[in-house]
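[1] A predicted structure for the sequence below; I have some questions about it.
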Amino acid sequence: QVQVVESGGGLVQAGGSLRLSCVASARTESIQSMGWFRQAPGKERDFVAAVSRSGGITYYADSVKGRFTISRTNAKNTVYLYLQMNSLKPEDTAVYYCAADLDVATLSRQPREYDYWGQGTQVTVSS
């Protein structure tokens with residue numbers, strides 16, 4: 001069982017910054033890659049960014065490349081995941097979800113590849 005909890009969302013003006021945090025804790029499983037996704041009202045859950053177990057490989061959606069940075073810190077049975085969001089735009093408004101993948105073979109952009117999810121945190125960017 002893996003517990004995933006996000007924090008750090010809020011309301012910010014366009015051009016501003018926010019930093020999202022996520023803590024993923026496992027009892028016996030080994031957490032591999034992790035990702036951030038977002039879902040706006042009436043839309044599907046979209047990929048934002050992903051990072052490999054070591055932190056050495058990162059993927060970004062084209063819409064956030066150059067503005068968002070994903071990073072992680074690994075501790076015993078716990079992963080601390082971050083998403084630094086700069087130059088925010090109104091179209092970044094969504095619920096942001098942190099996700100953990102237990103599969104050593106993948107670093108995926110697909111939500112279906114992730115095994116555990118947090119409850120989400122709201123990010124609202126005003127124009």
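    That came through, no problem.

[2] going forward, measure contacts between C-alpha atoms and count neighbours the same way
    Will do.

[3] Do I have it right that Phe47 meets Leu107?
    No: using C-alpha atoms under 8 Å as the test, Phe47 is too far from Leu107 to be in contact (11.9 Å).

[4] give me the element the closest residue to Arg109 other than its chain neighbours is part of.
    The spatial neighbour of Arg109 that comes closest, neighbours along the chain excluded (C-alpha to C-alpha, 6 or more residues apart in numbering), is Phe47 at 5.7 Å. Counting by DSSP states H and E, the element that carries Phe47 is strand 46-51.

[5] after that strand, next one along is what?
    Next along the chain from strand 46-51, counting by DSSP H and E, comes strand 58-60.

[6] That following strand - contacts with which helices or strands?
    strand 46-51 (3 or more C-alpha pairs under 8 Å, 6 or more residues apart in numbering; DSSP states H and E).

[7] Identify the residues contacting stretch 3-22?
    With C-alpha atoms under 8 Å, 6 or more residues apart in numbering as the test, stretch 3-22 has contacts from 23-26, 80-90, 97-100, 116-127.

[8] Need the buried ones from those selected in ChimeraX.
    Once 16 or more other C-alpha atoms under 10 Å is used to decide burial, the buried members of the contacts of stretch 3-22 can be selected in ChimeraX as follows:
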select :23,24,25,80,81,82,83,85,86,88,89,97,98,99,100,116,117,118,120,121,122,123,124,125,126
